[in-house]
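Chemist: sequence plus the predicted model coming up.
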Amino acid sequence: MGNPRRGGWTKLPSGSIRAYFVGPDGKRHFRTFSVREHAPTARAQEWLRTELGFVDDLLTAGRLAEWTPPEDRAAAQRQAVAAEADRREHAPDLAAYAEAWLTRPYENRRGEMVAKRPSYIRRADSLLRLHILPALGSAKVEAITPDQVRAWWQALPLGEHRRTCDLAYGVLRSILNTAVEDGLIETSPCHVSKAGRPSEERKVRALDYGQVEAIADHMPERWRLAVLLAGWLGLRDGEIRELRRKDIDLKAKTITISRQVTRGPGGPVVTDPKTEAGIRTVAMPAPLVDEVRQHLRDYAQIGPEGLLFYAVRSGQHAPDSPWRRALAAACEAAGLPPTSWHPLRHTALTRLALAGATKRELMATAGHRDGRAADRYQALAADHAAEVLDRVSDAIEAARKKPA
């Protein structure tokens, strides 16, 4: 039945329906619809209409050369379905993808492919093992949904360890953003409001200069200067431990920072500073110049490449664990709460803002790439100034109430 010049259908002795049509190649193309299928005649007629309509559409558009036989298209579709099933079967889960991502170079702001810092790899690996992979590690990257991410986030100890949770969210977001770039997923499922903002959650109270010096006084003598460089000048921990004689200019009263040391899997690794802005020369206040001069005379290694701070036995960079333990012990001996090296840097930059440093001056001293951190230090300084003014007001009021 149908137009025999173009196509039609016939009923086979088995009761099945065979549809056919003559294609642009001049050949007959068949498809059989089993009697065991639902409404085989209607399905055969629909197939025939679809195939003839496909030919007519291509002919009208002048694209008849693009036509392919239906059996070829069906074979291609089966191959595509099989390939998709194979792809899904072998698609990476988050654990496998994250493992490769950890050591994968990334593109920096200048468009250069650079390796992740050992310290970042170490921290991200810890966050993955402790906070991310236990819940999401077995999930296929392409199957992770916003609801899964939200449920994972809400199950984290947000009240007790918010900063750690924010850092973990940031790692997960970075991994899934890379998956978008790789074409594994179309969009990232990380859309939790206010998650991954550790800088907004981290509250650090600045010490005063006297407290910084009290901590320095209780450090081992050969590491005393390190506390002052962090608490008075705002240098980073890794920048301090990589300082060498050639970086100090006593005549100009400056220190040049062009490298830092981080903890790698095999030990200390010397790298560029944290950002391009981290390469800088900073001026020293007069009291610090005297401290540096004495340290160079008594404790620094000899020669331009001589380290200012080092392990006595190995002569290499001051080791991380003793370095941190010494600071903790010095705080305790000074009668102050335990602190780490970053709050000392925070102290220096906050005190610099209190002294009236401009935003540009704060950025230059700190080695910050953008001004948001400098804005925070200036805001802290303004808050502190308000507290001081309140105390002055209280003192005036108290004086007025005294009998003449």
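Modeler: Cool, got the structure.
Chemist: what sits against Phe309?
Modeler: Contacts for Phe309 were tallied using CB atoms under 8 Å, 6 or more residues apart in numbering; they are 222-223, 225-226, 240-241, 243, 317-318. Where you see a C-beta, it was placed from the backbone N, CA and C, and this is true even at glycine.
Chemist: repeat that with 7 Å
Modeler: 223, 226, 240-241, 318 (CB atoms under 7 Å, 6 or more residues apart in numbering).
Chemist: now intersect those with the helices, please.
Modeler: 226, 240-241 (DSSP state H).
Chemist: mind putting the residues you listed into CSV with distance to Leu156 and pLDDT?
Modeler: Below are the ones in helices among the contacts of Phe309 laid out as CSV (distance: CB to CB, whole Å; pLDDT from 0 to 100):
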residue, distance to Leu156, pLDDT
Ala226, 35, 96
Ile240, 33, 95
Arg241, 33, 94
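Chemist: can you say which of these are buried?
Modeler: 226, 240-241 (16 or more other CB atoms under 10 Å).
Chemist: kindly export stretch 60-71 (C-alpha atoms) in PDB.
Modeler: C-alpha atoms of stretch 60-71 as PDB (Å, rounded to 0.1, in the frame of the first residue of the first chain):
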ATOM      1  CA  THR A  60      13.600  21.700  -0.500                       C
ATOM      2  CA  ALA A  61      16.600  23.100   1.400                       C
ATOM      3  CA  GLY A  62      19.000  22.000  -1.400                       C
ATOM      4  CA  ARG A  63      20.800  19.700   0.900                       C
ATOM      5  CA  LEU A  64      19.900  16.300  -0.600                       C
ATOM      6  CA  ALA A  65      23.500  15.300  -0.600                       C
ATOM      7  CA  GLU A  66      23.400  15.100   3.200                       C
ATOM      8  CA  TRP A  67      20.900  12.300   3.100                       C
ATOM      9  CA  THR A  68      22.000   8.900   4.500                       C
ATOM     10  CA  PRO A  69      20.100   5.600   4.500                       C
ATOM     11  CA  PRO A  70      17.900   4.900   7.600                       C
ATOM     12  CA  GLU A  71      19.800   1.700   8.400                       C
END
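Chemist: chain center to it, what's the gap?
Modeler: Relative to the centre of its chain, stretch 60-71 is centred 49 Å away, using CA atoms, centre = their mean, to the nearest Å.
Chemist: in it, what's buried?
Modeler: Neighbour-count burial for stretch 60-71, counted by 16+ other CB under 10 Å, picks out 67, 70.
Chemist: ok, Cys165 - contacts?
Modeler: Contacts of Cys165 (CB under 7 Å, 6+ apart): 156-158.
Chemist: quick check on the residues you listed: which are buried?
Modeler: Leu156.
Chemist: among the contacts of Cys165, which one lies nearest to Ala124?
Modeler: Distances from these to Ala124 were compared by CB to CB; the smallest belongs to Leu156, at 16.0 Å.
Chemist: quickly note the distance from the nearest residue to the closest one once chain neighbours are set aside to Leu130.
Modeler: Closest residue in space to Leu156, ignoring its immediate chain neighbours: Cys165 at 4.3 Å, by CB to CB, 6 or more residues apart in numbering. Per CB to CB, to the nearest Å, Cys165 is found 11 Å from Leu130.
Chemist: equivalent analysis for Asp208, please.
Modeler: Relative to Leu130, and taking CB to CB, Asp208 is found at 36 Å.
Chemist: ditto for Glu305
Modeler: Taken as CB to CB, the span from Glu305 to Leu130 is 39 Å.
Chemist: phi, psi of Ser314?
Modeler: phi -90, psi -20 (degrees, to the nearest 10).
Chemist: got it, and Thr358?
Modeler: Dihedral angles (degrees, to the nearest 10) for Thr358: phi -80, psi 170.
Chemist: please apply the same query to the one 4 residues further on.
Modeler: Dihedral angles phi and psi of Leu362 (degrees, to the nearest 10) take the values phi -60, psi -40.
Chemist: and stretch 111-124, what's buried?
Modeler: Quick answer for stretch 111-124 (16+ other CB under 10 Å): 117-119, 121-122, 124.
Chemist: closest to Leu344 out of those residues?
Modeler: Ser119 (17.9 Å).
Chemist: any idea which element the closest one lies in?
Modeler: Element membership for Ser119, per DSSP states H and E: helix 118-127.
Chemist: which helix or strand lies directly C-terminal to that helix?
Modeler: Immediately after helix 118-127, counting by DSSP H and E, sits helix 133-136.
Chemist: gap between that next one and the chain center?
Modeler: 18 Å.
Chemist: list the buried ones in that helix?
Modeler: Quick answer for helix 133-136 (16+ other CB under 10 Å): 133, 135-136.
Chemist: relative to helix 118-127, how tilted is whichever strand or helix holds Ala168?
Modeler: In the assignment (DSSP H and E), Ala168 maps to helix 162-181. Between the axes of helix 162-181 and helix 118-127, defined by axes from the mean of the first three to the mean of the last three CA atoms, to 10 degrees, the angle is 100 degrees.
Chemist: quick one: mean pLDDT over helix 162-181.
Modeler: The pLDDT scores in helix 162-181 average 92.
Chemist: export the ones in helices among the contacts of Phe309 to a markdown table and append columns for distance to Val141.
Modeler: Compiled in a markdown table, the ones in helices among the contacts of Phe309 are given as follows (distance: CB to CB, whole Å):
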| residue | distance to Val141 |
| --- | --- |
| Ala226 | 43 |
| Ile240 | 40 |
| Arg241 | 38 |
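Chemist: of the residues you listed, closest to Asp249?
Modeler: When the ones in helices among the contacts of Phe309 are compared against Asp249 (criterion: CB to CB), the nearest one is Ile240, at 16.7 Å.
Chemist: just checking, that closest one touches Gly231?
Modeler: No - using CB atoms under 7 Å, Ile240 is not in contact with Gly231; the gap is 10.9 Å.
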